[in-house]
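Chemist: need coordinates for the following:
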Amino acid sequence: MKLNFKKAILNFVYAYVLVTILAYAISFAAAIIFKLPSYKDLGVSQFQDPSFVMTVPYHLLINLICWIFFSYIYIKKKGDAIYSFKEAVYLGSLWLVMAMIVDFIGFVLIKSPVSLTPHEFYIEYQPWISFTYFIVFISPVISYRFLRMKK
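Modeler: The predicted model follows:
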């Protein structure tokens with residue numbers, strides 16, 4: 001069975017948008033609930049923002065849950081068709097490349113209040129960005145293994 005690119009891209013978009021909304025929401029909620037100053041008030045980088053620092057481990061949890069959920073939706077069997085391990089790896093690879101491109105365009109190239117320099121995004125955001133990319137890549141494999149265990 002070949003990858004269904006339309007379904008793969010659609011599930012990627014859903015997961016990416018949901019992760020982004022939830023990650024920002026949890027950081028904003030933490031700032032409001034705990035009355036934390038913003039990085040602008042403190043004159044520090046966005047990665048040193050108290051609400052971001054407090055919630056970044058939860059961003060990984062949000063990523064893990066969302067990416068596994070949407071990869072599960074993609075991989076679950078249709079009729080008698082079962083995706084292979086190889087296809088799960090292909091899906092994870094496709095999503096990883098797409099996430100890296102979308103992140104670069106959305107957070108580095110396009111200038112906005114949340115835009116960053118390449119150094120900030122790829123160096124200062126370590127190890128979190130690497131963990132996030134690993135989650136994006138491995139989530140279809142986790143879903144595949146889960147579905148194979150159920151069988």
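Chemist: which residues does K40 contact?
Modeler: Listed by CB atoms under 8 Å, 6 or more residues apart in numbering, the contact set of K40 is empty. The C-beta positions use only the backbone N, C-alpha and C, and glycine is treated the same way.
Chemist: and it, helix, strand or coil?
Modeler: helix (DSSP: H, G, I helix; E, B strand; the rest coil).
Chemist: off-centre distance for stretch 83-90?
Modeler: Distance of stretch 83-90 from the chain centroid (CA atoms, centre = their mean, to the nearest Å) equals 19 Å.
Chemist: for that stretch, list the C-alpha coordinates in PDB.
Modeler: What follows is stretch 83-90, C-alpha atoms only, in PDB (Å, rounded to 0.1, in the frame of the first residue of the first chain):
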ATOM      1  CA  TYR A  83      -0.200  -0.200   6.600                       C
ATOM      2  CA  SER A  84       3.300  -1.600   6.900                       C
ATOM      3  CA  PHE A  85       6.100  -0.500   9.200                       C
ATOM      4  CA  LYS A  86       7.900   0.900   6.200                       C
ATOM      5  CA  GLU A  87       4.900   3.100   5.300                       C
ATOM      6  CA  ALA A  88       4.800   4.300   8.900                       C
ATOM      7  CA  VAL A  89       8.500   5.400   8.600                       C
ATOM      8  CA  TYR A  90       7.700   7.000   5.300                       C
END
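Chemist: got the buried residues for the longest helix that the chain contains?
Modeler: In the chain, assigned by DSSP state H, the helix with the most residues is helix 5-33. By 16 or more other CB atoms under 10 Å, the buried positions in helix 5-33 come out as 8, 11-12, 15-16, 18-20, 22-23, 26-27, 30-31.
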